[in-house]
Structures are given as C-alpha cells and as structure tokens.
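Peer 1: Give me a model of this one.
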Amino acid sequence: MLQRIDVISLFPEMFSALQYGITGRAIRNGLIDLEIINPREFTHDKHRTVDDLPYGGGPGMIMKVEPIVKALESLPSSDNKKVILLSPSGIPFNQKKAKELSALSHIVLICGRYEGIDERIVHFIDEAISIGDYVLTGGELPAMVVIDAVSRLIPGVLGDIDSTIEESFSDNLLEYPQYTRPRDFRMYSVPEILTSGNHERIKRWRRAMAIRKTLIIRPDLLKEDELSDEDKKLLEEFKDE
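Peer 2: Numbers count the residues shown, from 1 in each chain. A predicted model of the protein is given here:
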C-alpha cells in the first residue's frame, strides 16, 4: 500500500488542490503522507538559483541538476521506492501504471520547469512518465494527475472497493453507461433493463455496453478480433439496446 508521496517542485502552492475531495480526505485520514519539496531549499547562493543557460546555446533556461539531486538525497531510503520524472518524453501513464505505483510504499515525483531539466537527471531516477502527447509549462499538473489516479487505488481511500474494479480501463474497457433519477428526462429514458430487477441480465448488459463503447470510441484498447466467444454473444444479445 502506498503510504508516502514526495514531490519535488518549484511551486509547492499549486498542490493545495489536492486538499479537496478524495485525495484530501485520504491525506487527512493518514492514508497518504504527501510532502512537497522545493529544490530552492537546496541551493547555496543568495538568489537561490535553480536554473541556468543551456550549454551550446538555445532559447530559455534549464533547471540545474544539483538542487534536485540534493533534494532526492534528503529523502529516506527504501527498497520499495520509485523516483519518477514527469516528462513529455516519458512512457505513457495509464491505469496499469497507476496500479503498479499504488503497490509501492514510497514514490517521488520530480516536476520540471522552463525548458526542462539538465539531462544528467536520468542517472538519478527510475523512470520518466508522460500523461499525454503534448507539452505543458511544468510537471506540476501531471504530478497531480498521477497522485489522484494512484491514490484512489490505495485500500481504504475509496469507501467501495468495487468502484475501482468497475471503472474505465480496469480491464482495457471503457466504463459502461450509468444512469440515475429521474427515470424520464425530456425525450430520454433510462434503459428498461436497468429497472428490471434482473441483476444477472443487468450485469451482462453492462459488459456488452462497455465492450461496444470501447470498440466505437477507443478501438486501440480492444480489437474486435480479440473478443472472446462469450463477449461476441453478449454483443449479439444486446445489439438492439
């Protein structure tokens, strides 16, 4: 179970957003120990300099590696710890990776700024993670995405463990459609099967709808020729729903 999350960031105040909702409750209940470390605290000049011009020339400034490494070295050692750099050139972050990280007792997230971090940082991390094929102004928002996705998988954070089992991407499927009251809204009604009381048939319908939704919206997650015979039967059974 993940217990400790350390974030190295030049803007600790941005993480106040995590004080709300599920993550905030998990922090207050002691399920997550979240600490934000500013690398400026590990500089020695009067201006607390954390960036400099790039060798070889070029636009912008580069974050210095030394303050970040010293911040890493100030953290406790652990056999079950992983140091992660948030970077657009990292491996894609997904639900599988979130589950993997939730099983650790300690993760450290490094947030870059400016034109990036001195490349020598790669010698002090375990891996780099990207939340998408686009560039942001810093690693703080990606770090918060990772923290939110990972935290909710920690036992005790969500009240109902089934919530994490049935969510989108839990088995490479998007989540099935959900409805609540009123039963009829303008010209749209809740599917009759959900009010039938037949729980086994509802379960089968939900599986079929999740498969169909995934094939239509995210076919990259599930190819039609990869469907089991049972799943094909479900799609046929509910083709008119």
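Peer 1: pLDDT-wise, which helix or strand of this protein ranks last?
Peer 2: Sorting the helices and strands of the chain by mean pLDDT, DSSP states H and E puts helix 162-165 at the bottom, at a mean of 58.
Peer 1: Packing partners of the very next helix or strand once past that one?
Peer 2: Using DSSP states H and E, the helix or strand that directly follows helix 162-165 along the chain is strand 184-185. Applying 3 or more CB pairs under 8 Å, 6 or more residues apart in numbering; DSSP states H and E, we find strand 184-185 packed against no helix or strand. (Each C-beta comes from the backbone N, C-alpha and C, glycine too.)
Peer 1: right, and the helix or strand after strand 184-185?
Peer 2: For strand 184-185, the following helix or strand on the C-terminal side (DSSP H and E) is strand 188-189.
Peer 1: per the record, what domains does the chain have?
Peer 2: Domain assignment for the chain by automatic domain parsing gives 4-151, 166-237.
Peer 1: Low-confidence ranges, this protein, go.
Peer 2: 1-2, 160-170 (pLDDT under 70).
Peer 1: contacting residues around the biggest helix by length in it?
Peer 2: For the chain, the helix that runs over the most residues, judged by DSSP state H, is helix 199-217. If you take CB atoms under 8 Å, 6 or more residues apart in numbering as the criterion, helix 199-217 is touched by 172-177, 191, 193-194, 196, 221-222, 224, 227, 231, 234-235, 237-238, 241.
Peer 1: and what of stretch 172-192?
Peer 2: 166-168, 194-195, 205-207, 209-211, 213-214, 217-218, 221-222, 241.
Peer 1: Repeat the analysis, applying 7 Å as the threshold.
Peer 2: 166-168, 194-195, 206, 209-211, 213-214, 217-218, 221-222, 241 (CB atoms under 7 Å, 6 or more residues apart in numbering).
Peer 1: Mind giving me the ChimeraX command for buried ones among those?
Peer 2: Burial among the contacts of stretch 172-192 is assessed by 16 or more other CB atoms under 10 Å; the matching ChimeraX selection reads:
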select :167,168,194,206,209,210,211,213,214,221,222
